[in-house]
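**Student:** show me how the following folds:
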Amino acid sequence: MKNDKTVKLLKSEASDENLIYLCTVIEYIVRIRFENRENIVKALGKENLENLYKGIEVWSCHTYQATASIFAERGNIPYGTYDFIQRSRTNIVNPRVVGKKYALMIENLVEDEGINIIDAIYKVYSDEIIEKLIEGRLIPDRLEDDNLDICIK
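**Tutor:** Numbers count the residues shown, from 1 in each chain. The predicted model follows:
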C-alpha cells in the first residue's frame, strides 16, 4: 500500500519560488563542481543558504549558472568526482525540475515538522534515499511503506 503523503510529494507542485530558485542553484552547483548535494549544502553553510533564500530578489536577476558559480566560490566548494550523469538511471533532468522536487519535499517537511526552512534544507539534502529517488535509482512503488516514511522525515 502506498503512503499517501509520498504520492502527494511526487505529484504536487512546490509553491515557494524562492525555495525553488535556491534548490535549482544547488543543483547547478552539483553539476559544475561534481560534488554530491549533501556536501554542497554543508559547504555552503546556513549563512550562505539564508543569504541566498532571503536575497532572491537580487540573486534571481542573475542566471542560475552565475548564481551557482558565485555561491560555489563563497562556499569554497572544491571540484569533486561525483558524476550525477552516470549515477542517474533516468534521462538527465533539467536542474529546475530537480530543484522543484527538492523544494516540494522541503516545503512539506517545514509544514509537517514545524522546523525552519534552512534546517529542512539540511535534512532533505542529507537523506540518501531522497537522492536515490531524485536520480531515479529507486522506484517508489517498490519500496516498503516504512522506507517511504524515511523519504519524508
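
**Student:** tell me where the model's unsure across this protein.
**Tutor:** Residues of the chain meeting the criterion pLDDT under 70: 1-14, 83-92, 135-153.

**Student:** center of it, which residue is that?
**Tutor:** For the chain, the residue whose C-alpha lies nearest the mean C-alpha position (Cα atoms, centre = their mean) is residue 102; its distance is 3.9 Å.

**Student:** quick one: that one and residue 123 touch, right?
**Tutor:** No. Between residue 102 and residue 123 there is no contact, the gap being 11.3 Å when judged by Cβ atoms under 8 Å. C-beta coordinates here come from the backbone N, C-alpha and C atoms, glycine included.

**Student:** could you check how many residues crowd around the closest residue to residue 45 other than its chain neighbours?
**Tutor:** When the adjacent residues along the chain are set aside, residue 45 lies closest to residue 75, with 6.6 Å between them (Cβ to Cβ, 6 or more residues apart in numbering). Burial of residue 75 is recorded as 21 neighbouring residues (other Cβ atoms under 10 Å).
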